[in-house]
Each structure stands twice: as C-alpha cells, then as structure tokens.
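*Asks:* need a structure here:
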Amino acid sequence: MSFIVADNLTRNYGSGDATVRAVEQINFQIEAGEFVGVMGESGAGKSTLLSIMGAMNAPTHGRFLIDAIDIYALRQEQRADFRREYLGFVFQSFHLLPYLTVLENAMLPLTTIKRPRKEKRAMAATALAAVGLAEKADRLPNQISGGEKERVAIARAIVNAPPVLLADEPTGNLDSKTTHEIMILLQRLNQQGTTIIMVTHSHECAGYTQRILTVADGKLTDTSPVRNQAA
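*Replies:* This next block holds a predicted model:
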C-alpha cells in the first residue's frame, strides 16, 4: 500500500437541495518522499481537501490513510496524537505569536510533549538551523522579514520531525525572490525525506514539485508529473 491513500473522499456541506459537494469522490495515492502540489481555481476544493488530509475535517464518505492508519477511524484524542506525530503544517499567514522569540515560536508544537525544556529548546534550535535562522533565535517576529517569518513557520512545522508536511499557499504573501528561496528550502526538506503536499495557485511554485493533483469543482481532474522541475 502507498504511504498516503485517498479512497473515494467526499465532503458535503448542508443537506437536501442546499448540499454543496466541496470534495467529491477523490482518489489518489502518494508515495513516501514525494513532493506533490495541489492546484485549482478558487473554490475548487483544494483547502477542504487539505483539511481532510490534515486530520481536521472528517469526510462525509470515504477514507484517508497515512502509513496504513485510517485517520478518521481514530477517536478524537487519538487523531490529535496522530497529528502531533505525523503532520507538520505551514500556512499562508505565518501565525507567529508576537510576544515570543523566534526560538519560542518554533517550540510551540512541543508544548504538550513531556520532555525537559532544555531538550525542547535544542530541538527548536535544530529546526531553526535547518531553515537558516540559527542566528536569529532570540529575535521577536517584528524584528525579522516576511521571508524569515515563513522560515520560522516551517521550522515550527518540522520541529518534531513529522514525516508529512502540509503547506497551504506557503508563499502567497512573499515576493518572487523570497518565494524562490522558500521553495528551494521545501525542496531540500523533501530531498531529506519529508513527504510534502502543497496547495498553491502558482504555476511557478508548482514547478518545484514532482507531481500535480488538479482539482476542479471538488473533483480530481488530473494527476500529472511536473515536466520541468525547478531547481
């Protein structure tokens, strides 16, 4: 079985004549270590699909499996444990806490883990080094650039070394130069073994992935490999 399996995923909102099919009978498989983009027009169902993959939005029908684990067959508390162990999240908005340092922001996913604070600080420092921000660990978010804030968000997502990274328009607020730097960083993380699934509207960003899942009107319409991968 593939590392990630979407089996007839459907997500409806409302009922009767007012039913909206945000995701409809989607099937795909992703191997461990792939870098996959999800593309489609606004309202196509990309974010709903990503929220299902993130163990945050139960499908109306179908199954979603990671590492042979049927996520929505888990109890709610088990699903929370699964998210913490398996998934890292990166969003278009950085969601950094302004009163915490860069290091403290990167430590946030470790809050519920029972480890010595010294060990947690070391894990966060390692994650910051991985994204090139070791020297800015003691700065506050208002003391770093937008690209650096996104790097902190990525460090926070990988601090617990999850095997899967889910990214929702991670470069949407960045200029073209910084976008390129972030995409190269994501490529490097992927080359180190992290499976990455990234929602994007940008064909430029899609060029850094290995394969594109195209969504239209809630349905998967294409699963093409990227022909000219950026580097």
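
*Asks:* so where's the chain uncertain?
*Replies:* Scanning the chain for pLDDT under 70 picks out 227-231.

*Asks:* 50 - rerun?
*Replies:* Judged by pLDDT under 50, the chain has no weakly predicted residues.

*Asks:* in it, which spans are strands?
*Replies:* In the chain, the segments counted as strands under DSSP state E are 4-13, 20-30, 35-39, 61-66, 69-70, 87-91, 164-168, 195-199, 211-216, 219-225.

*Asks:* mean neighbour count for those - can I get that in CSV?
*Replies:* (C-beta placed from N, C-alpha, C; glycine too.) Shown next, in CSV, are the strands of the chain (neighbours: other C-beta atoms under 10 Å):
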stretch, mean neighbour count
strand 4-13, 18
strand 20-30, 18
strand 35-39, 24
strand 61-66, 18
strand 69-70, 13
strand 87-91, 22
strand 164-168, 22
strand 195-199, 24
strand 211-216, 20
strand 219-225, 14
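
*Asks:* look up how far L96 lies from the spatially most central residue of the chain.
*Replies:* In the chain, the residue lying closest to the centroid (C-alpha atoms, centre = their mean) is L166, at 1.2 Å. Counting by C-beta to C-beta, to the nearest Å, the gap from L166 to L96 is 18 Å.

*Asks:* same thing with Q210?
*Replies:* 29 Å.

*Asks:* of these two, who's got more company?
*Replies:* Neighbour totals were compared for Q210 and L96, and L96 leads with 21 against 16 (other C-beta atoms under 10 Å).

*Asks:* count the neighbours of the residue nearest to that one when sequence neighbours are not counted for me.
*Replies:* Nearest non-adjacent residue to L96, counting by C-beta to C-beta, 6 or more residues apart in numbering: P141, 4.3 Å away. By the measure other C-beta under 10 Å, the count of residues near P141 is 17.

*Asks:* correct me if wrong: P141 contacts E104.
*Replies:* No - the pair P141 / E104 is not scored as a contact, 10.2 Å apart, by C-beta atoms under 8 Å.

*Asks:* thank you kindly, that will do.
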